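A.B. asks: below is the structure, and that's it, no one-letter string:
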């Protein structure tokens with residue numbers, strides 16, 4: 001997401017997939033007040049984590065700038081980051097809807113700042 005923010009993308013949706021059984025899907029949702037994006041940590045070390053990203057270029061988008069990790073970002077980069085994040089958060093595009101099962105006993109979803117549980121899919125799907 002930071003690459004999209006720094007380069008002025010119009011929208012960016014990031015899905016984090018916890019490869020448990022069933023698959024848990026999360027949205028990366030950060031605000032401009034978040035100074036550090038927490039690292040996603042699966043509840044089970046045996047579960048791999050995948051990322052699926054959908055980005056939309058805008059009229060002023062580039063791919064020329066490389067992002068700086070949160071803790072090394074300059075004040076100017078933070079200013080640009082926050083301005084672009086405000087623009088992306090205005091997007092009307094929603095995350096894909098996923099199944100919200102009543103039984104959450106298997107592979108309980110993780111609760112972390114910056115990550116919203118979207119739902120799950122069985123591996124058989």
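C.D. replies: Nice, thanks for sending it over. Since this is a predicted model, take the numbers as computed values, not measurements. Numbering: from 1, shown residues only.
A.B. asks: low-confidence ranges in this structure?
C.D. replies: Along the chain, the model assigns pLDDT under 70 to residues 1-5, 36, 42-45, 101-107, 122-125.
A.B. asks: looking at strand pairing, list the partners for the spatially most central residue of it.
C.D. replies: Residue closest to the average C-alpha location in the chain (CA atoms, centre = their mean): residue 28, at 2.4 Å. Note on residue 28: beta-bridge partners by DSSP bridges are residue 115.
A.B. asks: that one reaches residue 117, doesn't it?
C.D. replies: No. Counting by CB atoms under 8 Å, residue 117 is not a contact partner of residue 28; they are 11.8 Å apart. Every C-beta, even on glycine, is put in place using the N, C-alpha and C of the backbone.
A.B. asks: and the closest residue to residue 111 other than its chain neighbours, its phi and psi?
C.D. replies: Spatial nearest neighbour of residue 111, excluding adjacent residues (CB to CB, 6 or more residues apart in numbering): residue 117 at 7.6 Å. The phi and psi values for residue 117, taken as degrees, to the nearest 10, are phi -70, psi 130.
A.B. asks: now residue 89
C.D. replies: Here residue 89 shows phi and psi, under degrees, to the nearest 10, equal to phi -70, psi -20.
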